[in-house]
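S.K.: Let's see this in three dimensions:
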Amino acid sequence: MSAPIIDVIIPAFNEQEAVGLVVGDIPKGLVRHIVVVNNASSDKTSEMARAAGAIVVDQPMRGYGNACLKGIAQVASHEPPPDIVAFIDADNSDNPEQMTEVVAPIVEGRADFVIGSRALGHRDAGSMMPQQIFGNWIATRLLKLFYGVKYTDLGPFRAVRWEALQAMGMRDRTFGWTVEMQLKAAKQGLRIVEVPVDYRKRIGFSKISGTVKGSVLAGWKIITTIIKYR
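M.R.: Numbering: from 1, shown residues only. Just a heads-up that it's a prediction; the model follows:
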């Protein structure tokens, strides 16, 4: 069998210091296209991503989900469409070199959807704020309670079969994106696998967990999203 076609989507908002490193460290022989979605950045995110070899598309409407949806639209225009789509953040907190490990369960035919779990992997001290750890703990337990699926993390580093992603009909435009994908994977009975991934201190300042307001809004959106689709 020929190797599957893998495209990568990277949502990015003011990540000029990190995005080029992320693009550059993704194993090039593994993936076809790397799509960076410039989510209304006011810095040189676009220029740095393009210089590193990424396809850059603009999404002027802020929001993590908005950026991911724009990336999916871009990937859908590729001919032929990909077999697998991977997502990774632009802040260099995840290790892009572990992309091979994240997509492996799908490539090997063992999974439809893979989460790179920071809880199962190595986390550098200070890489996750206490509110992130606590929020993940609550969210994963609510997912088990409402949907009967056991997750250890809502990590942004993930991969999914293209057909499964299309069937999900993703809608969330802000902080609820990751949990929406995970609960829909459960509702659709997808084969779900978690793999350990390393997590390090991000480059730059977090727009969500770095502020009390951002953390509260993100937490509330995640909880309401879990309840909404029950």
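S.K.: Verify the contact between residue 151 and residue 115 for me.
M.R.: Yes: at 6.5 Å, residue 151 and residue 115 qualify as touching, with contact defined as CB atoms under 8 Å. All C-beta atoms are positioned from the backbone trio N, CA, C, and that covers glycine.
S.K.: any common contacting residues for those two?
M.R.: The overlap between the contact sets of residue 151 and residue 115 (CB atoms under 8 Å, 6 or more residues apart in numbering) consists of 182, 192, 194.
S.K.: all strands for this protein, in order.
M.R.: For the chain, the strands defined by DSSP state E occupy 6-12, 33-38, 55-58, 84-87, 113-117, 158-161, 192-196.
S.K.: Quick check: residue 144 touching residue 150?
M.R.: Yes: assessed by CB under 8 Å, residue 144 is found in contact with residue 150 at 5.5 Å.
S.K.: just to revisit the earlier point, in TSV, list the shared contacts of residue 151 and residue 115 along with neighbour count.
M.R.: Listed next are the shared contacts of residue 151 and residue 115 as TSV, based on neighbours: other CB atoms under 10 Å:
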residue	neighbour count
182	26
192	18
194	22
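S.K.: Neighbour count: residue 151 and residue 115, which is higher?
M.R.: Per other CB atoms under 10 Å, whichever of residue 151 and residue 115 has more neighbours is residue 115, with 28 against 23.
S.K.: Tell me the pLDDT of that one.
M.R.: With respect to pLDDT, residue 115 scores 98.
S.K.: who's in contact with it?
M.R.: 151, 153, 155, 157, 158, 182, 192, 193, 194, 195.
S.K.: which one among those gets closest to residue 226?
M.R.: residue 182 (9.2 Å; CB to CB).
S.K.: And the helices in the chain, which stretches?
M.R.: Using DSSP state H, the helices assigned to the chain run over residues 19-25, 45-51, 64-76, 99-107, 130-147, 162-168, 177-187, 212-228.
S.K.: mind checking which of the ones you listed is nearest residue 90?
M.R.: Of the helices of the chain, nearest to residue 90 by CB to CB is helix 19-25, at 4.4 Å.
S.K.: send the alpha carbons of stretch 217-230 over as PDB?
M.R.: Extracted in PDB, the C-alpha atoms of stretch 217-230 (Å, rounded to 0.1, in the frame of the first residue of the first chain):
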ATOM      1  CA  LEU A 217     -13.900  31.700  29.600                       C
ATOM      2  CA  ALA A 218     -12.200  28.700  28.200                       C
ATOM      3  CA  GLY A 219     -13.300  26.500  31.100                       C
ATOM      4  CA  TRP A 220     -16.900  27.700  30.900                       C
ATOM      5  CA  LYS A 221     -17.000  27.100  27.100                       C
ATOM      6  CA  ILE A 222     -15.500  23.600  27.500                       C
ATOM      7  CA  ILE A 223     -18.100  22.600  30.100                       C
ATOM      8  CA  THR A 224     -21.000  24.000  28.200                       C
ATOM      9  CA  THR A 225     -19.900  22.300  25.000                       C
ATOM     10  CA  ILE A 226     -19.800  18.900  26.800                       C
ATOM     11  CA  ILE A 227     -23.300  19.400  28.100                       C
ATOM     12  CA  LYS A 228     -24.600  20.900  24.800                       C
ATOM     13  CA  TYR A 229     -24.000  17.800  22.700                       C
ATOM     14  CA  ARG A 230     -25.100  15.200  25.300                       C
END
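S.K.: buried ones in that stretch?
M.R.: Residues of stretch 217-230 classed as buried: 218, 219, 221, 222, 223, 225, 226, 229 (neighbour count, 16 or more other CB atoms under 10 Å).
S.K.: Perfect, I'm done here.
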